[in-house]
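**Q** Predicted model and sequence follow; I will ask about them next.
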Amino acid sequence: MLATLRRIVQEVNAARDLEQALSIIVTRVKQAIKVDVCTVYLFDPTRDAFLLMATDGLNPQAIGRVFLARGEGLVGVVGKTEEPLNLDDAPADPRYRFVAETGEAYYHGFLGVPIIHHRKVMGVLVARQHDKRRFHDDEVAFLLTIAAQLSGAIAVAAANGGIQGFSSDQEGGELRPIVGLPGAPGIGFGTAVVIYPPADLGAIPDRRVSDVEGEVSVFRAALEAARNDIRILEQRMGDSLAVEDRALFNAYTLMLSSPSLENQTVERIRAGNWAPGALRDTIAEHTRIFDQMEDPYLRERAEDVRDVGRRILARLENVPQDQRQYPERTVLVGDEITASMLAEVPLDRLAGVVAVRGSGSSHVAILARSLGIPAVVGLSELSVGRMDGRELIVDGDSGTLHISPPDRVREEYLLLAQEEQRLAAGLAELRDLPAITPDGIRIPLYANAGLLSDINPSLHHGAEGIGLYRTEFPFMIRNRFPSEEEQRQLYRQVLEAYAPLPVTVRTLDVGGDKMLPYFPIHEENPFLGWRGIRITLDHPEIFSGQLRAILRASIGLDNLRLLLPMISNVSEVDESLRIIRRIHQELHDQGEAVAMPQIGIMIEVPSAIYQIDTLAPRVDFLSIGTNDLTQYMLAVDRNNARVASLYDSLHPAVLRAMMQVVVTAQRCGRAVGVCGEMAGDPASALLLLGMGVSNLSASVPSLPRVKWVIHNFSIARARDILDEVLAMEDTRSIRRHLDGILQQAGLGSLVRSGR
Ligand code: PEP
Ligand code: MG
């Protein structure tokens, strides 16, 4: 049975569309349990009924014509009760309903199981037998297993218009919204333009060449032409991009100018392969390293390398550069959208960006944010092939895509878009004002940095310093540990860019989901494993090198604060302090005028919460890392989409834990900041004000919204709201309550944009 099951699942997953997927299911299941008929009904929300979608054995004319409401007939009963129904004589059951179109009166044995995806009934899978037959437990279990395994694939296909495709009067009509990840905030309306990679490297065969040097020249000319293309694209983006985001194009140019790319390809050509084949192998070699990385940000870089490869190939194949006319409001849709694809569209025509792959940290999202174009990414349920020319609404705040929306949805979104415009205008005015509550309390707003924006002052977004500089990224993008001098220069740039404003540099926090390609760690349970301070204390040579680099970088600036990640016990703090003091002393002895920085610890592991009274007096400040704290408190992996709905920092337990941290730290006379994503969520920021945290550090784009909250709520009011919330039992009520308060305060747009 297991082998059959695996085969069916494999075949279904490889199916072209819903029709083919369902047809495979009914045929294979019919064979596997030797029944006369197998059918699939799927729930059609527009009709609020189960629609016959595929059959092997019944009258095929009935497909797309037979509907059964919830509770109607045996299929409707399975759909309603969400449980299997096994009857040896179906027509004898009082709930049986005769359906003439299918010719089912001739069938007695009935087995129906629900197809459930994320707690929702997607449909019903039915097996029928001509004679009376009571299905064996094994067979019921088999059908249930098939339905459970295939529900995901069915959900994807159904989301892409499968059901509507079957019912003739709905073709091309509204599809249900698809939820992905917010890429860049805002609402975009426009026409989908589907974009594909310009040339397919994977399809290139090997071919021998006789004129080797001629081929080398052809390759070098293509390389130069590709470099030129990138220059043109960069110019086209021009001033629309922030300086740090232009770095993306520099990265492309660097890759195109990389001696290894050129030399390795030339070597392969000289070994006898033609230029496209040689290029294919070089690009594959370069991408392999990135592809294997666990860190999502670094995996994205593999796509940049592939994109560069495709561009050179397009030049080798003499493919003319895209001269396509873009509609006035273009929503660019693609499986993967690279920086250069984005740059192909004239900016005044770009209304939105939609990508099947990617996350909030992928380049397309970073660029879209920088350009102010709404984007939704990670839409794994989207079938790109069906999108071209469709009207779309890109809701970059909630990460939702509306396909061919009805007027009522469009009108609702138009209102929201107007509200967002008003909000944006208001936020722009706030940019250079300090973050002060109406009752005069100043809450410095800092930026989280360390991704592309390594040396991005972010000052134009109103940041008053860096509250969290993640040093792991410079470690991740190399193929060895960065040298002490390399690190010193990098940290110096960051510290200098902000001086005299404070910069909080966190020591290396790798492990968990952040892996170094040259320092692999294989663990069953990496988030509970060797990560953060645990690694650096076990490798004092790496820790000391980094500390020396950070301290030396700060000479003469005096704006450094040091932060230690993943602290879970007292000895980790003591040991770290001992090492920091020793390094400081050594530098001093060597004549380097290094000031002793303020030292803080991250509170992100539950054990630390219950030892604040012992930990806090040892250091100068505390910073709550709500990303990890939430995952450890709730036992919910922060990167697992399956349990993403359970991951919410507004869980009462997380709030109470944070309260305890703040109260105890204040008793010890230590300041507490918050540097996780929670600090960037307007509704949560309201509670953090009420708790009495002394500063907030969040991703740069969310700072203006948080500042708006600070300007609109007094600390006294925030305390009252916190008290109300602490009396609540569950996350949903808390969220709803806070949303209501923001709405009442006239900040309705923040309710949507903060997620
Ligand atoms: C956190 O855990 O909240 C945090 C800020 O650190 P990181 O997201 O880098 O783990
Ligand atoms: Mg963390």
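**A** Looks like it arrived, so ask away. Numbers count the residues shown, from 1 in each chain. Ligands and ions are numbered 1, 2, ... in the order given.
**Q** Can you tell me whether I have it right that Ala278 is in a strand?
**A** No: for Ala278, which was evaluated using DSSP: H, G, I helix; E, B strand; the rest coil, the result is helix, with no strand membership.
**Q** mind checking the SS state of the residue nearest to the spatial centre of the chain?
**A** What sits nearest the mean C-alpha location of the chain, by C-alpha atoms, centre = their mean, is Ser359, with 3.0 Å. Here Ser359 is coil, with the state taken from three-state DSSP.
**Q** What is the subsequent helix or strand relative to the helix or strand bottoming out on mean pLDDT in the chain?
**A** Every helix and strand of the chain was ranked by mean pLDDT, DSSP states H and E. The lowest is helix 162-166, at a mean of 47. Per DSSP states H and E, the first helix or strand lying C-terminal to helix 162-166 is strand 178-179.
**Q** what sits up against that next one?
**A** 159, 379, 381-382, 398-401, 403 (C-beta atoms under 8 Å, 6 or more residues apart in numbering). Using the backbone N, CA and C atoms, a C-beta is placed for each residue, glycine as well.
**Q** mean confidence for the helix or strand hosting Val26?
**A** Taking DSSP H and E as the criterion, Val26 maps to helix 18-32. The average pLDDT within helix 18-32 is 89.
**Q** Dump the C-alpha coordinates for whichever helix or strand comes after that helix into CSV.
**A** Counting by DSSP H and E, the next helix or strand C-terminal to helix 18-32 is strand 37-44. Output in CSV follows, covering the C-alpha atoms of strand 37-44 (Å, rounded to 0.1, in the frame of the first residue of the first chain):
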residue,chain,number,x,y,z
VAL,A,37,-16.2,4.1,-9.3
CYS,A,38,-14.0,6.8,-7.8
THR,A,39,-15.1,10.4,-7.7
VAL,A,40,-13.8,13.7,-6.3
TYR,A,41,-16.1,16.5,-5.2
LEU,A,42,-14.6,19.9,-4.4
PHE,A,43,-16.2,22.6,-2.3
ASP,A,44,-17.1,25.6,-4.5
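**Q** Output the set of residues of this structure in proximity to ligand 2.
**A** Taking C-beta under 5 Å from the ion as the criterion, the chain approaches ligand 2 at residues 604, 625, 628.
**Q** so which of those residues would you say is closest to Gly673?
**A** Using C-beta to C-beta, Gly625 comes nearest to Gly673 of the residues of the chain next to ligand 2, at 10.2 Å.
**Q** How about the backbone phi and psi for that closest one?
**A** Backbone torsions for Gly625, taken as degrees, to the nearest 10, come to phi -90, psi 90.
**Q** And Thr437, by the same measure?
**A** Taking degrees, to the nearest 10, you get phi -80, psi 160 for the backbone angles of Thr437.
**Q** From Thr400, how far off is the closest residue to ligand 2 within the chain?
**A** For the chain, the residue closest to ligand 2 is Asp628, as judged by C-beta to the ion, at 3.7 Å. Using C-beta to C-beta, to the nearest Å, Asp628 is found at 27 Å from Thr400.
**Q** what's the answer for Arg582, then?
**A** For Arg582 relative to Thr400 (C-beta to C-beta), the value is 53 Å.
**Q** The two - which one has more neighbours?
**A** Using other C-beta atoms under 10 Å as the criterion, Arg582 and Thr400 rank with Thr400 on top: 17 against 13.
**Q** quick one: which helix or strand includes Arg128?
**A** Assignment of secondary structure by DSSP H and E places Arg128 within strand 120-129.
**Q** Enumerate the positions of that strand that are buried.
**A** Within strand 120-129, the residues that count as buried by 16 or more other C-beta atoms under 10 Å are 121-129.
**Q** any idea of the mean pLDDT in that strand?
**A** Rounded mean pLDDT across strand 120-129 is 94.
**Q** neighbouring strands for it, and are they parallel or not?
**A** Applying DSSP bridges to the sheet, strand 120-129 is found paired with strand 37-44 (antiparallel), strand 109-117 (antiparallel).
**Q** can I get the CA coordinates of it in CSV?
**A** Backbone C-alpha positions of strand 120-129 (Å, rounded to 0.1, in the frame of the first residue of the first chain) are rendered in CSV as follows:
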residue,chain,number,x,y,z
LYS,A,120,-11.1,23.5,6.1
VAL,A,121,-13.0,20.9,4.1
MET,A,122,-11.8,21.2,0.5
GLY,A,123,-13.9,18.3,-0.8
VAL,A,124,-14.9,14.7,-0.6
LEU,A,125,-13.2,11.6,-2.1
VAL,A,126,-15.7,8.8,-2.8
ALA,A,127,-15.3,5.2,-3.8
ARG,A,128,-18.4,3.3,-5.0
GLN,A,129,-19.1,-0.4,-5.6
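**Q** following it, which helix or strand comes up?
**A** Next helix or strand after strand 120-129 toward the C-terminus (DSSP H and E): helix 137-159.
**Q** what residues are up against Thr39?
**A** Contacts of Thr39 by C-beta under 8 Å, 6+ apart are 26, 52, 54-58, 102, 125-126, 128.
**Q** if you set the cut-off to 7 Å instead, what comes out?
**A** 26, 52, 54-55, 58, 126 (C-beta atoms under 7 Å, 6 or more residues apart in numbering).
**Q** Who is it paired with across the strands?
**A** Note on Thr39: beta-bridge partners Thr55, Val126, judged by DSSP bridges.
**Q** Tell me the pLDDT of it.
**A** Confidence for Thr39, expressed as pLDDT, is 96.
**Q** and what of the one 5 residues further on?
**A** Residue-level confidence at Asp44 comes out at 87, pLDDT.
**Q** Could you number the chain from 58 rather than 1 from now on?
**A** All right, first residue 58 from here; so that's Asp101.
**Q** Against ligand 1, how distant is the closest residue to Glu324 other than its chain neighbours?
**A** Distance criterion C-beta to C-beta, 6 or more residues apart in numbering; nearest residue to Glu324, sequence neighbours excluded, is Ala335 at 8.0 Å. Taking C-beta to the nearest ligand atom, to the nearest Å as the measure, Ala335 and ligand 1 are separated by 40 Å.
**Q** isn't Ala335 right up against Gln321?
**A** No: between Ala335 and Gln321 there is no contact under C-beta atoms under 7 Å: 8.2 Å.
**Q** who has more neighbours, the two?
**A** Legend: neighbour count by other C-beta under 10 Å for Ala335 and Gln321, higher for Ala335 (26 against 18).
**Q** circling back: of the contacts of strand 235-236, closest to Gln382?
**A** Of all the contacts of strand 235-236, Gln382 sits closest to Ile460, with 22.4 Å by C-beta to C-beta.
**Q** Show me how far stretch 604-622 is from its chain's centre.
**A** Offset of stretch 604-622 from its chain centre (C-alpha atoms, centre = their mean, to the nearest Å): 32 Å.
**Q** Report the buried residues of that stretch.
**A** In stretch 604-622, counting by 16+ other C-beta under 10 Å, buried: 604-612, 616-622.
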